[in-house]
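[1] have a look at this fold, sequence not included:
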């Protein structure tokens, strides 16, 4: 298989470049969610690598959608809809619209791009209405994306944002491009029908999707060795409420869905930690631990991604000797800007945004009816003076620097197949 | 909807502050998709002093598909078909190179610039391109002659 001559390789490359999947020539812009067995059937007589991979895929990802339009944009809105959090969706609308400044910065004029933004906004409105009225059926979203005008306008909006993001962060992408970035954007990103390549996709994810907290993963269906599609996470490895899974076949992306029942899942906890400033009061019932004012007093605790979202929650702390704050008095976590940009194409460790914990003196001053935090005796030890108070929940956090002083300390290894 | 809104804005902008040598109007007040464009031949070209009428047609899918341009005034140019259509199809006007963020104004300026600087390698009229490349003075003579004949009142 590897002994093809250069000419043959070139011929195959040409055929591959010109290949249009059957699904691209007919059918709607967005298909209904369908059984992945259909894809397995399609490849039944193909190369054994495809047969094995599509059969395995049908088990791990029983559903898929074939996409003629933009899989990422649709997957993004579908994720927001399935998360069923109108506040999150509204914040996303604000964030996406605020990116108009990127467009202005790279020289686009609002009166030329506002119709694209309007189309995106309309999807947000329909989405929020649907969640609000308790609709679980996503067919309204499918219909929106099946309209040629909407589909084109939303894709164009996302493409313009991607292009602007790349132009504003050239150092992250230029090295991966075969031509100057401006030219790349003009001929590959801002055009209408060009299929996005990997660099463009990474930029779309970095600039537009990632700040939403939604993850994006590509499942490569190709002839490489192995029994299953090769997954590749485009967003940093992090706890995530939702993942867009793009099924890659040469030159094109469809959508795949895992077996997990994500569709009607209510969010366990308000997952918008560390995203923007717009925090809602914590809903006690939604938290997997007691809302305890002692815990709430610890700065940065709530932006620790391992906290609250972790699969194995910590044992709840013993009942506080002090009063439990009513929800409206609960400490509002401080505002945080999003993490600094992360270099492209490396599944990085969590960014070191916690490296400089605020000094003790920055603890919020609380009411006068007694101390709100019970300090652990270890806290005042000089060798720990640079870390935060070591309390039960914080002790388990990967951000606790005290771990480094433990002779048995071992960093957590990132395992690509070990995420779920 | 969005398409018409966008076209109306571009039309208003072009009527308010037209680029040098270009003026636009609707061919029919009730149809936003068909424009009449008056183009003055660029100074430094054999088309100088000529006034060319161009029909600009916008597809209903605009801005996701490019406008089309055709010369209603006969013109001797390698990139304009020498027939009753007078079509021009180049670069940014091709569907696969068209960007929805491009402006009609830029399209028209591009067309006018092309009169000053033809692109013989992308010619639709091979013979005119040949003359342009190999016998420039003859090309300029014919172009001037046609401009006098067809493009002046």
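    Everything's here; your move. This is a predicted model, so every value here is computed, not measured.
[2] let's check: the centremost residue of chain B is which one?
    In chain B, the C-alpha nearest the mean C-alpha coordinate belongs to residue B:111, at 4.1 Å (Cα atoms, centre = their mean).
[3] that residue: what secondary structure?
    Taken by DSSP: H, G, I helix; E, B strand; the rest coil, the conformation at residue B:111 corresponds to helix.
[4] how about the nearest residue to the residue in the stretch 251-400 of chain A that chain B sits nearest to, chain neighbours excluded?
    Nearest residue of the stretch 251-400 of chain A to chain B, counting by Cβ to the nearest Cβ: residue A:251, 14.7 Å away. All C-beta spots, glycine's among them, are computed from the backbone N, C-alpha and C. Closest residue in space to residue A:251, ignoring its immediate chain neighbours: residue A:195 at 5.4 Å, by Cβ to Cβ, 6 or more residues apart in numbering or on different chains.
[5] report how many residues lie close to residue 9.
    Since you didn't name a chain, this refers to chain A. Neighbourhood size, residue A:9 [other Cβ atoms under 10 Å in any protein chain shown]: 10.
[6] correction: the question concerned chain B.
    So residue B:9, with other Cβ under 10 Å, has 17 neighbours.
[7] for residue B:65, see how far away it is.
    Distance of residue B:9 to residue B:65, computed by Cβ to Cβ, to the nearest Å: 18 Å.
[8] how about chain B: which residue is closest to chain A?
    Going by Cβ to the nearest Cβ, chain A is nearest to residue B:2 of chain B, at 3.7 Å.
[9] give the contact list for that residue.
    Neighbour list for residue B:2: A:115, A:116, A:118, A:119, A:149, A:153 [criterion: Cβ atoms under 8 Å, 6 or more residues apart in numbering or on different chains].
[10] intersect the residues you listed with the contacts of chain B.
    Contacts with chain B within the contacts of residue B:2, as defined by Cβ under 8 Å from any Cβ of the partner chain: A:115, A:116, A:118, A:119, A:149, A:153.
[11] buried among these? Need that as a selection in PyMOL.
    The buried residues among those can be selected in PyMOL (16 or more other Cβ atoms under 10 Å in any protein chain shown) with this line:
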select buried, chain A and resi 115+116+119+153
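[12] out of the ones next to chain B among the contacts of residue B:2, who's nearest residue A:161?
    Taking Cβ to Cβ as the measure, residue A:161 lies nearest residue A:116 of the ones next to chain B among the contacts of residue B:2, at 9.3 Å.
[13] in which helix or strand does the residue in the stretch 1-150 of chain A that chain B sits nearest to reside?
    Nearest to chain B in the stretch 1-150 of chain A, going by Cβ to the nearest Cβ, is residue A:115, at a distance of 3.7 Å. Element membership of residue A:115 [criterion: DSSP states H and E] is helix A:110-132.
[14] residues contacting residue 37?
    Picking chain A for this. By Cβ under 8 Å, 6+ apart, the contact list for residue A:37 reads residue A:58.
[15] let me rephrase: I mean chain B.
    Going by Cβ under 8 Å, 6+ apart, residue B:37 touches B:22, B:23, B:24, B:53, B:54, B:55, B:56, B:108.
[16] give me the buried subset of those.
    Among these, those scoring as buried are B:22, B:24, B:54, B:55, B:56, B:108 (criterion: 16+ other Cβ under 10 Å).
[17] before I go, just wanted to say thanks for your time.
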